[in-house]
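Q: Requesting a structural model of the entry that follows:
(chains A, B and C)
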Amino acid sequence: MMFFRNITIGQYIYRDSIIHKLDPRVKIITVILIITTIFLVNSWTGFFIIGFYLFINISLAKVHPKFVLKGIKPLLFIISFTLLIHFFTTPGDIIYRIWILNITREGIHRGLFISVRLFYLILSTSWLTLTTSPIALTDGIEKLLSFLKIIRVPAHEIAMMMTIALRFIPTLMEETEKIIKAQIARGADFESGNLVKRIQNFLPIIIPLFINAFHRADDLAIAMEARCYRGGEGRTHYRQLSINSIDHVFIIITLFILIVSYLWVV
Amino acid sequence: MIEFKNVTHFYNTEQNEKIASLSEINLKIHKGDFVAIIGANGSGKSTLVKHINGLLLPSKGEVLVENLNTRDMEEVWNIRKQVGMVFQNPDNQLIATTVEDDIAFGLENIGIKAKEMGERVDWALNIVGLNGLRNSEPHLLSGGQKQRVVIAGALAMNTSYLILDEPTSMLDPKGRKNILEIVKDLNKKESITIVYITQFMSEAAQFDKIFVLDKGRIVLEDSPKKVFDKAEQLLGLSLEVPQITRLARELVKSGLDIPGNILNEDEMVKYLCLYI
Amino acid sequence: MFVHLKDVSYTYNLNMPFETVALKGINLKVNRGEFIGIIGHTGCGKTTLLQLLNGLIEPTKGQIFIENVDIHKNKKKLKEIRKKIGLSFQYPENQFFEENIFKEIAFGPKNMGVAEEQLVQSVKKSLQMVDMDYQSFKDRSPFSLSGGEMRRVAIASILAIDPEVIILDEPTASLDPQSCSKLLSVIVDLYQKYHKTIIMVSHNMEIMAKLARRIIVMEKGEIIMDDTPRNIFQKSIDRLEDIGLSLPQVTYTMYKLKKIGKPVSSGILTVEEAKEEILKLVNENKK
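A: Sure, this is the predicted structure:
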């Protein structure tokens, strides 16, 4: 039970940096722009510029690189796998031969490009979540989505769902751990058996967990109603978001760098 | 004032029978009152208090809070501004990712402006003694702390009435003591009306008035001394009297001339000193 | 001696950024037939201790012997351990998942290898031990019961494995007084009638005083007291409250009398004891 007590919600780490002080909406838009550019750019110079830009952003955030790299570790396998797939399956000039597999020049090119893209993708999203608290993120998303209210996007409801999910994830993880232990104490075995058996073995965990979650949802809904919750209409916000000159400058610089990276082909 | 006028509440069982969870409840709770509600499991305590802020509506009769009727779909929200509610499970009432955001939740719901929200949140945090924890995440708090956050949330709304449904059942003894102290303070210092459901007789003994429920009816409504005097009747309702009262009754049976409805240790000591 | 914890320590998230020491230097011996109460504040390590007792978790230091066998030397033995030592967590009804009570209770023995034909016996017997009628309850959904009934069914599901030792983590938490008394009489029966060894965590001193022969007090991951209830209650009230006990009102009364100089003995926990003590003093005073 103690294991999950110290996991804070999200990846957010507090630091006194310019990036931390940026409006979350600006950061979210920045990441969207970066991701779009990453997939449009097709030159090494472009990637180099973007890489340099990301490096500056991360340094400005005063977050130790190890936290950023932590986000890459789980995906290292996928990146390597993608790399190799492209090496061996892209048609073109064969440079090397291992057994029956051919590595082509185009393959290396494509493989590296895709890997760099994935790498940058993770870097930029990690940068976002490390410097923006879950509340700020949810507020930012809500504000951005509210522009889409015209096409009936339920911005407030989405934000409320995210908040509640973030709030209850650690609680439900603790609950899961308790349930697993309780079932093991009754002789349940989650390790052995074939695939079908293993899936069956999960019922004693899934069912109690769902029931638990539903009870909580029930109680929470009643508590919310007792506290005058009537949906998004007429609600004010405790935390105010404000765009400052720093935000303007940041976005302009970002746009400039990203456009340059796309256009500048040596 | 909270007023129940001949309130009856029916619900349907799985076999589609109609059962009255409350039967002809008539009661008045005045501003500033400090009352407890006790009763065996299933006697209707939770059902009763959920009628106060319109979470449940009476099948017959009326519930009025400051002359506003809970049946009125619009007025019920004004009632909820004045009537705060604390439930049993500390975890399932906290909705936000930090303490101060949770306290602000109710204020956001009723459209309070940001600046005023800040002031109210600060004030509420201070009253429940959680100043240092404003940025804490709910899952890292103890049960007692969580309940204090819930109480702060209600206070921030400027509630005049605070209803607590077994708020200490899931807490350890220290947490229990703490919540009861806060509730007493709120009544004394902030003049907040308290309606407190409890299964602990030693807690109920500390209130000004006790309502005893049985099968959806109010069977006793009096001061703790008078209520715990009727030990046999209570026993028939599956209720106990506080341990100290039991001791008093045993001593009376053994011939000591002391009151049989002693409610706390200090009183007991006072009377015993006449004899030893 | 049945269970022996030797120099046991447990650290969560060992070698990781959020490393926390939950238990340190625990030495504990549990004998067959004992009724042991465990007391301590939330966070003192009691839940960790309970999980070590039936091998659910492995100590980061030290050894655990059950019937003189080091249980973590051979992982396969762990299931055997769980047949002998049953553990009921706090709010055990949270583990329910079956459609009827029979299946819910049969889950444990089934996992332990009990044959289909024997399951009925196991379920019947365990329901009997918690004073519930097999016929009326076996087909009902575990979720259709009252709080107190659910609690008893949950405990029955552990009893169905037929362990010698039963560990109960705050078995009466959140129960109303009526269900609480009912459950306590069930626990008394488990101890006196069915001769189970019982280890129980509770904050309630009245209960501990009535049932436990030995109380272990924990604080900040260590065992600070291991004695009879009587001896533990001779200590000062402040100390006891610090440890996390809620003392009975009669005990407080005796302390207050003692404080103003009256010659009462300490360690009085029940109404009967208090009555006797007071009447004794009244009579002496008359003389």
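
Q: Nearest to chain C: which residue in the stretch 101-250 of chain B?
A: Closest residue of the stretch 101-250 of chain B to chain C, Cβ to the nearest Cβ: residue B:173 (3.4 Å). C-beta: built from backbone N, CA, C; applies to glycine.

Q: Pretty sure that residue sits against residue C:248.
A: No. Counting by Cβ atoms under 8 Å, residue B:173 stays clear of residue C:248, with 11.5 Å between them.

Q: ok, these two, which is more surrounded?
A: Neighbour count, other Cβ atoms under 10 Å in any protein chain shown: between residue B:173 and residue C:248, residue C:248 has more, with 25 against 17.

Q: Spatially nearest residue to the more buried one, not counting backbone neighbours?
A: Distances taken as Cβ to Cβ, 6 or more residues apart in numbering or on different chains place residue C:206 nearest to residue C:248, at 4.9 Å, with adjacent residues excluded.

Q: and that neighbour, how many neighbours?
A: Residues near residue C:206, counting by other Cβ under 10 Å: 19.

Q: Please identify the helix or strand for residue A:63.
A: If you go by DSSP states H and E, residue A:63 is not part of any helix or strand.

Q: Repeat that for residue C:79.
A: Using DSSP H and E, residue C:79 sits in helix C:77-84.

Q: Is that helix in proximity to chain A?
A: Yes. Helix C:77-84 reaches chain A (Cβ under 8 Å from any Cβ of the partner chain) through C:79, C:82-83.

Q: which of the residues you listed tops the neighbour count?
A: residue C:82 (24 neighbours).

Q: Was I right to think it contacts residue C:55?
A: Yes. Applying Cβ under 8 Å, one finds residue C:82 in contact with residue C:55, separated by 6.8 Å.

Q: and residue C:50, what does it touch?
A: Residues counted as contacts of residue C:50 (Cβ atoms under 8 Å, 6 or more residues apart in numbering or on different chains) are C:38, C:87, C:167, C:169, C:199, C:201.

Q: Now the last one: phi and psi?
A: Backbone geometry at residue C:201, expressed as degrees, to the nearest 10, gives phi -100, psi 130.

Q: Tell me where the stretch 101-250 of chain B has strands.
A: B:161-165, B:193-197, B:209-214, B:217-222 (DSSP state E, counting those that start in this stretch).

Q: Pipe the ones you listed into CSV and attach mean pLDDT, mean neighbour count and distance to residue C:178 per row.
A: Shown next, in CSV, are the strands of the stretch 101-250 of chain B (pLDDT from 0 to 100; neighbours: other Cβ atoms under 10 Å in any protein chain shown; distance: least, Cβ to Cβ, whole Å):
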stretch, mean pLDDT, mean neighbour count, distance to residue C:178
strand B:161-165, 98, 23, 18
strand B:193-197, 98, 24, 16
strand B:209-214, 96, 22, 13
strand B:217-222, 96, 17, 17
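
Q: Adding distance to residue B:265, write these out as JSON lines.
A: What follows is the strands of the stretch 101-250 of chain B, written out as JSON lines (distance: least, Cβ to Cβ, whole Å):
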{"stretch": "strand B:161-165", "distance to residue B:265": "24"}
{"stretch": "strand B:193-197", "distance to residue B:265": "21"}
{"stretch": "strand B:209-214", "distance to residue B:265": "19"}
{"stretch": "strand B:217-222", "distance to residue B:265": "22"}
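
Q: possible to save those as TSV with distance to chain C?
A: Compiled in TSV, those are given as follows (distance: least, Cβ to the nearest Cβ, whole Å):
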stretch	distance to chain C
strand B:161-165	13
strand B:193-197	11
strand B:209-214	13
strand B:217-222	17
